[in-house]
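Enquirer: below is the sequence, then the predicted model.
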Amino acid sequence: MLEGSMKEQYRVLDDYCKQLLHHNSGSTFIIKSSIVNDNKLFERVYICLKDCKDGFKACRPLIGLDGCFLKGYCKGLLLAVVGIDANNDMFLIAYVICEKENTDTWNWFFKLLKEDLEVIDTRRYTLIRDRQKGLENALGSLFDGAEIRFCVRHLHANFKKEFPSLLLKQKLWACAKATTLEDFKRRMAEMKEVKENAYDWLMKKAPTEWSKSHFRFHVNGDMLLNNLCESSTLPYWMQGTSPS
């Protein structure tokens with residue numbers, strides 16, 4: 001009774017964003033909606049607080065990207081970009097609630113994000129993600145030249161479909177955690193000795209995308225997982241999309 005209907009709360013989404021902007025001057029709140037049968041339907045909302053914009057300037061140029069389904073009363077997706085601060089803690093930069101995860105939604109997200117973060121040279125950034133196709137297409141057009149890393153957990157999820165061995169899993173992670181080129185070559189040779197087909201499968205993946213030994217030196221971070229994005233939380237009323 002105190003919270004009211006979740007569906008009805010979408011009717012005051014505009015007022016909510018105005019209040020956020022009033023109390024957080026310099027923040028960015030953008031709502032996209034459409035008119036269907038004379039009804040205003042909510043599609044997307046982008047939120048980036050001013051303190052998050054300013055705070056990211058003191059973070060490493062490392063950004064985690066991911067999306068997850070919202071399974072409450074309303075449906076939709078949460079797309080989030082998260083950085084790592086000087087204490088190695090998660091630093092939420094911005095997030096979007098949208099109708100689906102595809103090239104269009106990620107493009108919309110990235111264009112707004114680049115403006116908020118005042119990104120000029122995309123080559124100085126490192127982005128860690130999974131292999132979602134829409135995300136890949138958007139990054140190629142808007143973050144050209146940035147270092148791309150893939151989540152090793154997602155890499156192993158595909159790897160184990162063909163090679164469901166605990167020993168091979170350990171060998172894969174040893175290759176991913178190698179910090180020098182010589183160590184990487186040695187670990188890969190060990191993988192080859194155990195199962196050559198698994199070695200061949202892994203050799204088709206660019207090591208610059210998943211092994212510490214090949215990461216660029218200008219980003220002081222050795223992240224191999226992208227699960228920090230999935231830790232993002234939202235107010236209860238935003239657990240999905242609904243007509244506004």
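Expert: Looks like it came in fine. Everything numeric in this text was worked out from a predicted model, so none of it was measured. Numbering: from 1, shown residues only.
Enquirer: and the residue positioned nearest the centre of the chain, which helix or strand is it part of?
Expert: Nearest residue to the geometric centre of the chain (C-alpha atoms, centre = their mean): Leu65, 1.1 Å. Counting by DSSP states H and E, the element that carries Leu65 is strand 62-69.
Enquirer: please list the residues outside that strand that contact it.
Expert: 75-84, 93, 101, 125-130, 132, 135, 139, 219, 221, 223, 226, 228-230 (C-beta atoms under 8 Å, 6 or more residues apart in numbering). For every residue, glycine as well, the C-beta is placed using N, CA and C.
Enquirer: quick one: which of these sit in strands?
Expert: 77-84, 93, 126-129 (DSSP state E).
Enquirer: just send these back as CSV, with pLDDT too.
Expert: Listed next are those as CSV, based on pLDDT from 0 to 100:
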residue, pLDDT
Leu77, 86
Leu78, 87
Leu79, 88
Ala80, 89
Val81, 90
Val82, 91
Gly83, 89
Ile84, 86
Ile93, 93
Thr126, 88
Leu127, 88
Ile128, 87
Arg129, 83
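Enquirer: columns neighbour count on top of those, output as TSV?
Expert: Conversion of the ones in strands among the contacts of strand 62-69 to TSV gives the following (neighbours: other C-beta atoms under 10 Å):
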residue	neighbour count
Leu77	19
Leu78	22
Leu79	27
Ala80	22
Val81	25
Val82	23
Gly83	22
Ile84	21
Ile93	20
Thr126	20
Leu127	20
Ile128	26
Arg129	23
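Enquirer: just the closest of the residues you listed to Glu8, please.
Expert: Leu78 (21.1 Å; C-beta to C-beta).
Enquirer: ok, for Leu92, nearest residue in space, not its chain neighbours?
Expert: Among residues not flanking Leu92 along the chain, Val82 sits closest, at 5.5 Å (C-beta to C-beta, 6 or more residues apart in numbering).
Enquirer: what of Thr105?
Expert: Nearest one to Thr105, counting by C-beta to C-beta, 6+ apart, is Cys98 at 4.6 Å.
Enquirer: domains in the chain, by residue range?
Expert: 6-150+225-238, 152-214 (automatic domain parsing).
Enquirer: and these, which one averages the lowest pLDDT?
Expert: Mean pLDDT per stretch puts domain 6-150+225-238 lowest among the domains of the chain, at a mean of 83.
Enquirer: against Thr122, how distant is Asp66?
Expert: Separation of Asp66 from Thr122 (C-beta to C-beta, to the nearest Å): 19 Å.
Enquirer: among those two, which residue is more densely surrounded?
Expert: Asp66 (24 against 16; other C-beta atoms under 10 Å).
Enquirer: you'd agree Met191 is up against Lys171?
Expert: Yes - at 4.5 Å, Met191 counts as touching Lys171 under the criterion of C-beta atoms under 8 Å.
Enquirer: now do the shared contacts for those two.
Expert: In terms of C-beta under 8 Å, 6+ apart, Met191 and Lys171 are both contacted by the residues Ala198.
Enquirer: can you name the next helix or strand after the one helix or strand Tyr95 maps to?
Expert: When elements are assigned from DSSP H and E, Tyr95 belongs to strand 90-98. Downstream of strand 90-98, the first helix or strand assigned by DSSP H and E is helix 103-117.
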